[in-house]
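*Asks:* Pasting a predicted model and its sequence here:
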Amino acid sequence: MQHNTLTLPAPARIAEPPSPARLLRITLLLGLLTAFAPFATDMYLSSFPDIADHFHSNVGRVQLSLSTFIGGLAIGQLLYGPLIDRFGRRIPLLCGIALFAATSLLAIFAPGIASFVGLRALQALGGCAGIVISRAVIQDLFDTHQAARALSLMMLIQGVGPVAAPIAGGYLLAVAPWWSVFAFLTLLALVCFALTIRELPETLAVENRQRQSLARIAKVFGQLLSEPGFLIPTLASSLTLAAMFAFISGSSFVYMTLHGVPQHLFGWLFGLNTLGMVAASQLNRFLLQRFTPRRLFIAAMLISAGAALLLFTQTRAAHLWQLALPLFFCTAPIPVLGANAVAIAMARSGRNAGSASSIVGVMQFGFAGLSAALVGILHDGTAWPMTVTMLGCALAGFFVLILGRRHL
């Protein structure tokens with residue numbers, strides 16, 4: 001069912017699109033750029049005690065560097081949207097990658113915990129460039145159906161981050177000090193900077209750029225937020241995505257402390273959930289040949305919410321597998337609902353793809369940061385904070401979808 005609450009011109013596309021082979025390379029590169037965030041969060045989790053000792057601080061203050069990073073991801077995405085609609089995609093992306101590389105390197109030489117936390121905030125501002133700009137580039141190059149398939153392929157690459165990061169971080173930290181993680185992040189950013197220069201063309205023509213005042217930018221944000229066809233899939237998927245961040249925040253305590261999982265095995269168990277997400281994202285590409293993004297979005301929401309409810313009933317389970325199984329089915333559908341929801345939402349953005357991408361990012365990481373913080377605030381020495389938060393997020397997203405499904 002189509003609605004025309006917001007009427008915007010069709011998205012502007014470059015006159016000569018890249019060849020299919022280059023489109024594939026661009027999509028893979030964009031997926032790698034969106035993996036900056038999981039690498040920057042998951043790789044260093046097991047080094048918190050070492051960082052605390054290095055800065056003569058405590059683990060609580062080191063944990064602040066994680067929540068600050070997530071907050072920086074949300075704020076940064078709000079800033080990039082108007083910038084890339086005005087100045088194009090390529091230059092802001094290169095600036096963001098450069099900022100990520102510089103702050104990753106400087107974090108190694110931070111004189112104290114306060115400056116380390118501050119550098120993490122700046123690192124997030126650089127790292128979120130790829131997240132925002134990749135969605136806008138996909139919108140520039142593909143229609144809605146193709147965009148959903150491209151986003152699924154991106155999520156395959158992006159999904160490698162949460163799988164590989166805790167495993168690689170654990171092995172790296174077993175043979176090298178904590179700062180080796182940030183040395184790796186610096187190298188990763190430099191490689192991506194070179195690949196971006198080589199592979200990514202400017203996808204927004206000069207004549208189609210939006211030179212908007214702050215008042216006009218605020219008006220565009222307001223128009224997008226008042227369009228149910230954009231707001232419903234964005235809000236519903238963001239709330240459900242927040243359940244995954246509740247899992248990320250609470251999983252180490254639940255697995256290692258409550259169920260006695262050894263530290264060297266935690267990364268592998270954590271990675272199994274992400275492997276399920278990677279598999280689901282690729283299944284989504286196949287299913288899109290037969291079903292619409294709307295149908296797949298709704299189906300994934302149903303599976304995730306149902307699994308979250310089952311997880312909640314198993315909170316006091318004595319055996320780890322009784323938690324791990326519903327956890328798997330709660331998180332695995334998230335790339336499916338995320339890719340299709342973003343494709344549906346971005347299709348309503350018209351020529352304001354950058355601003356729309358900013359709103360998507362702010363909602364996703366805003367709710368993610370809140371859910372991660374809530375798990376810590378509710379901490380009581382049990383699995384309840386994680387499972388309750390995950391259930392609340394999943395059900396909230398499901399109810400938003402049910403109430404607004406006619407607008408999709």
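*Replies:* Now that the structure is in, tell me what you want to look at. Numbers count the residues shown, from 1 in each chain.

*Asks:* mind listing the strands for the stretch 51-200 of the chain?
*Replies:* Counting by DSSP state E, counting those that start in this stretch, no segments of the stretch 51-200 of the chain form strands.

*Asks:* Give me the below-cutoff pLDDT ranges for the stretch 151-300 of the chain.
*Replies:* Within the stretch 151-300 of the chain, the set of residues satisfying pLDDT under 70 comprises 152-153, 155-163, 210-214, 263-264.

*Asks:* In it, what residue spans correspond to helices?
*Replies:* With DSSP state H, counting those that start in this stretch as the criterion, the stretch 151-300 of the chain has helices at 180-199, 214-225, 228-252, 263-287, 293-313.

*Asks:* Out of the ones you listed, which is closest to residue 378?
*Replies:* Nearest to residue 378 among the helices of the stretch 151-300 of the chain is helix 228-252 (9.3 Å), distances taken as CB to CB. C-beta coordinates here come from the backbone N, C-alpha and C atoms, glycine included.

*Asks:* I'd like the distance from that closest one to the chain centre, please.
*Replies:* In this view, helix 228-252 has its centroid 10 Å away from the chain centroid, taken as CA atoms, centre = their mean, to the nearest Å.

*Asks:* Check stretch 332-344 too.
*Replies:* For stretch 332-344, the distance to the chain centre is 11 Å (CA atoms, centre = their mean).

*Asks:* ditto for stretch 42-50
*Replies:* Relative to the chain's own centre, stretch 42-50 is displaced by 20 Å; criterion: CA atoms, centre = their mean.

*Asks:* buried set for it?
*Replies:* Neighbour-count burial for stretch 42-50 flags 42, 43, 44, 45, 46, 47, 48 (criterion: 16 or more other CB atoms under 10 Å).

*Asks:* so who does the fourth one touch?
*Replies:* Shown here is residue 45, whose contacts under the criterion CB atoms under 8 Å, 6 or more residues apart in numbering are 66, 166, 169, 252.

*Asks:* Put together a markdown table for those residues, with neighbour count and distance to residue 127 on each row.
*Replies:* Output for the contacts of residue 45, formatted as a markdown table (neighbours: other CB atoms under 10 Å; distance: CB to CB, whole Å):
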| residue | neighbour count | distance to residue 127 |
| --- | --- | --- |
| 66 | 23 | 13 |
| 166 | 27 | 18 |
| 169 | 22 | 16 |
| 252 | 18 | 22 |
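
*Asks:* would you turn those residues into a markdown table with distance to residue 24?
*Replies:* Compiled in a markdown table, those are given as follows (distance: CB to CB, whole Å):
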| residue | distance to residue 24 |
| --- | --- |
| 66 | 34 |
| 166 | 28 |
| 169 | 29 |
| 252 | 36 |
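
*Asks:* is it true that residue 173 touches residue 51?
*Replies:* No - counting by CB atoms under 8 Å, residue 173 sits too far from residue 51 to count as a contact (10.5 Å).

*Asks:* Among these two, which residue is more densely surrounded?
*Replies:* Set residue 173 next to residue 51 and count neighbours by other CB atoms under 10 Å: residue 51 wins out with 22 against 19.

*Asks:* The more buried one touches residue 44, doesn't it?
*Replies:* Yes - applying CB under 8 Å as the test, residue 51 and residue 44 come out as touching, 7.4 Å apart.

*Asks:* which residues are common contacts for the two?
*Replies:* residue 178.

*Asks:* rewinding a little: of the helices of the stretch 151-300 of the chain, flag the one that's most buried.
*Replies:* Highest mean neighbour count among the helices of the stretch 151-300 of the chain (mean count of other CB atoms under 10 Å): helix 228-252, with a mean of 25.

*Asks:* What is it packed up against?
*Replies:* Using 3 or more CB pairs under 8 Å, 6 or more residues apart in numbering; DSSP states H and E, the elements in contact with helix 228-252 are helix 214-225, helix 263-287, helix 293-313, helix 320-331, helix 334-346, helix 353-377, helix 384-404.
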